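Enquirer: Predicted model follows, preceded by the sequence.
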Amino acid sequence: MSNLLPKAQAFALRGAPPFHLPLRVGLAVLSLFFLLACIPAALAHEFKVGDLEIEHPWSRATPPGAKVGGGYFTVINKGSAPDRLLSISSDISEKAELHEMGVKDGVMTMRPVEGGLEIPAGGKVALKPGAYHLMFTGLKRQPKQGEKFSATLTFEKAGSVTVEFAVEGIGETGSGDMGDMDHAE
Ligand SMILES: [Cu+2]
């Protein structure tokens with residue numbers, strides 16, 4: 001009598017593969033599908049300091065001889081007090097500044113942001129082409145597509161955090177669409 005159970009289990013196990021195989025193949029195909037669908041998300045990366053989250057810092061490859069490069073990311077403030085991005089430093093350039101774009105006499109210009117950039121409590125600020133951005137000036141070398149370089153961001157309350165800027169293609173706009181410059185604000 002005591003043999004019956006193991007036999008039944010053995011049978012169930014032998015019987016298992018033909019039933020489970022299509023399921024496993026199905027799951028493998030499904031996970032591959034999700035893996036492919038999630039590649040942009042997998043390329044995204046984020047950093048945390050205090051109540052702040054810095055999402056997907058990225059930069060652009062620069063042509064040979066270029067002396068400036070841009071830096072972009074989104075800062076999310078999960079705290080109940082505003083914070084302020086005060087300064088940026090990186091080994092890739094002599095200086096790094098926070099810039100804003102504006103239109104002066106019909107011409108798009110950029111100028112340094114005075115007094116830092118406020119990150120509102122419970123809010124977020126996106127640094128992107130055509131808007132607030134970092135400018136690495138006096139590049140010591142050209143950032144190459146596919147590499148990463150590090151930079152340190154200093155916030156008034158949260159303190160300093162070192163993040164990695166992913167270098168994307170020379171024509172990348174950050175919107176996933178080269179023609180889609182955001183001029184809404
Ligand atoms: Cu600039």
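Expert: Everything's here; your move.
Enquirer: from here on, contacts and neighbour counts on C-alpha atoms
Expert: Noted.
Enquirer: So which residues on this protein come close to the ion?
Expert: Proximity of the chain to the ion (CA under 5 Å from the ion) is limited to residues 99, 135.
Enquirer: Show me the residue at the heart of the chain, geometrically.
Expert: Centroid-nearest residue in the chain: His56, 0.9 Å away (criterion: CA atoms, centre = their mean).
Enquirer: That one: what's it in contact with?
Expert: 44-46, 72-74, 165-166 (CA atoms under 8 Å, 6 or more residues apart in numbering).
Enquirer: That one sits in which helix or strand?
Expert: strand 52-60 (DSSP states H and E).
Enquirer: Sheet partners, orientation included, of that strand?
Expert: Its sheet considered, strand 52-60 pairs with strand 46-49 (antiparallel), strand 68-77 (antiparallel), strand 159-168 (parallel) by DSSP bridges.
Enquirer: what's the most buried one of the ones you listed?
Expert: Per residue and on average, the most neighbours among the strands paired with strand 52-60 fall to strand 68-77, with a mean of 21 (mean count of other CA atoms under 10 Å).
Enquirer: quick revisit: the strands paired with strand 52-60 into a markdown table, with extra columns for mean pLDDT and distance to His133?
Expert: Listed next are those as a markdown table, based on pLDDT from 0 to 100; distance: least, CA to CA, whole Å:
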| stretch | mean pLDDT | distance to His133 |
| --- | --- | --- |
| strand 46-49 | 96 | 17 |
| strand 68-77 | 97 | 6 |
| strand 159-168 | 97 | 13 |
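Enquirer: Adding distance to Val29, write those out as TSV.
Expert: As requested, the strands paired with strand 52-60 are exported to TSV (distance: least, CA to CA, whole Å):
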stretch	distance to Val29
strand 46-49	28
strand 68-77	33
strand 159-168	30
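Enquirer: With Ala61 as the reference, name the closest of these.
Expert: Nearest of the strands paired with strand 52-60 to Ala61, taken as CA to CA: strand 159-168 at 5.9 Å.
Enquirer: where does the protein dip in pLDDT?
Expert: 1-23, 30, 32-43, 175-185 (pLDDT under 70).
Enquirer: In it, what residue spans correspond to helices?
Expert: Applying DSSP state H to the chain gives helices spanning 4-37, 39-43.
Enquirer: Work out the gap between the strand ranked longest in the chain and the centre of the chain.
Expert: Longest strand in the chain by number of residues (criterion: DSSP state E): strand 93-104. Relative to the centre of its chain, strand 93-104 is centred 20 Å away, using CA atoms, centre = their mean, to the nearest Å.
Enquirer: can you give me the angle it makes with strand 68-77?
Expert: Per axes from the mean of the first three to the mean of the last three CA atoms, to 10 degrees, the angle that strand 93-104 makes with strand 68-77 is 80 degrees.
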